[in-house]
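[1] Got a predicted structure plus its sequence, pasted below:
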Amino acid sequence: MYKSTFKAIEEFMLKEMKDSAHDYLHIYRVTNQAMEIALEYPEANNEIVLASSLLHDIGREAQYRNPDICHAKIGGEMAYDFLISIGWGSEDAPHVKECIQAHRYRVENPPKTIEAKILFDSDKLDSTGAIGIARTLNYGGIMNEPLYTIDENMIVHEGNCDSPESFIKEYNFKLIKLYDSFYTEKAKNIAEKRKDISMQFYNTLMSEIKIGNIRRFLD
């Protein structure tokens, strides 16, 4: 990719990124990781990987304003329109759109091409290990979600579908399941090395918040 093209895409991305949990630093981490993984796959189109990685979260602001909007879907459309506007062709721009629209952790639209799988894996790696814990806590703060919630007996909700939103629910409902969702071997290996850090944090946190029911002190 020409430096001028990279600069144009980067500037467009920076203008759109306003979410501190999915900020430009997240974009750079995902992009660097994606390009590292792409080295293992000579058949991958590096320009598609680079462009889709840089642009994969540009729909976040739209989703934040309207939670009914899927940031991946609208982000793919925004990326397509932008790339067409700077002269990308009718094959590459739709490919980037496809990669972005398939990067979200949802089963109904799994990534199909190697470029889409690389983006998916790179984005999910940024939700693993210590960085994943930190980003989840940061995002929970932005959304005004508590660290954990309790039931009427002061038992901590550990994250079933019906429990209120919290970090503990996000960990059990999504974060711990990420480690089995990668497509590329390189990403699987990286994630496996990070898994112990995540589990150790969660287990330690649970041991510290399960301090019993205060009603036991009552007469």
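    Happy to help now that I have it.
[2] now for the worst-scoring helix or strand of the chain on mean pLDDT, which elements pack on it?
    Scoring the helices and strands of the chain by mean pLDDT, DSSP states H and E places helix 60-65 at the bottom, with a mean of 87. Under the contact criterion of 3 or more Cβ pairs under 8 Å, 6 or more residues apart in numbering; DSSP states H and E, helix 60-65 touches helix 71-85. Using the backbone N, CA and C atoms, a C-beta is placed for each residue, glycine as well.
[3] For the helix it packs on, which helices and strands make contact with it?
    Partner elements for helix 71-85 (3+ Cβ pairs under 8 Å, 6+ apart): helix 3-16, helix 46-55, helix 60-65, helix 92-101.
[4] Which of the residues in it are classified as buried?
    71-80, 82-83 (16 or more other Cβ atoms under 10 Å).
[5] Same question for stretch 134-141.
    When neighbours are counted by 16+ other Cβ under 10 Å, the buried residues of stretch 134-141 are found to be 135-136, 139-140.
[6] May I see the residues you listed organised as JSON lines, with pLDDT and secondary structure added?
    Formatted as JSON lines, the buried residues of stretch 134-141 follow (pLDDT from 0 to 100; DSSP: H, G, I helix; E, B strand; the rest coil):
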{"residue": "R135", "pLDDT": "92", "secondary structure": "helix"}
{"residue": "T136", "pLDDT": "93", "secondary structure": "helix"}
{"residue": "Y139", "pLDDT": "86", "secondary structure": "helix"}
{"residue": "G140", "pLDDT": "90", "secondary structure": "helix"}
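[7] Run through who's touching stretch 165-180.
    105, 124, 127-128, 132-133, 136-137, 140, 143, 145-149, 156-161, 163, 191-192, 195, 198-199, 202, 205-206 (Cβ atoms under 8 Å, 6 or more residues apart in numbering).
[8] any idea how far the closest residue in space to G140 that isn't next to it in sequence is from Y202?
    Ranked by Cβ to Cβ, 6 or more residues apart in numbering and with sequence neighbours excluded, the top spatial neighbour of G140 is F167, at 5.1 Å. Computed with Cβ to Cβ, to the nearest Å, the distance linking F167 and Y202 is 9 Å.
[9] tell me which strands and helices the longest helix seen in the chain is in contact with?
    Of all the segments of type helix in the chain, defined by DSSP state H, the longest one is helix 185-209. When contacts are defined as 3+ Cβ pairs under 8 Å, 6+ apart, helix 185-209 sits against helix 24-38, helix 114-125, helix 129-142, helix 167-173.
[10] For those, state which one has the densest average packing.
    Highest mean neighbour count of the helices and strands packed on helix 185-209: helix 114-125, a mean of 26 (counted as mean count of other Cβ atoms under 10 Å).
[11] Could you check the pLDDT of the closest residue to G75 other than its chain neighbours?
    Leaving aside its sequence neighbours, G75 sits nearest to G59 (Cβ to Cβ, 6+ apart; 2.9 Å). pLDDT recorded at G59 is 94.
[12] which residues touch G59?
    69-78, 100.
[13] got it, and A191?
    A191 neighbours (Cβ under 8 Å, 6+ apart): 124-125, 128-129, 178-179, 182.
[14] circling back: identify whichever of the helices and strands packed on helix 185-209 lies nearest to K210.
    Minimum separation from K210 across those (Cβ to Cβ) falls at helix 167-173, 10.9 Å.
[15] Fine, thanks again, bye for now.
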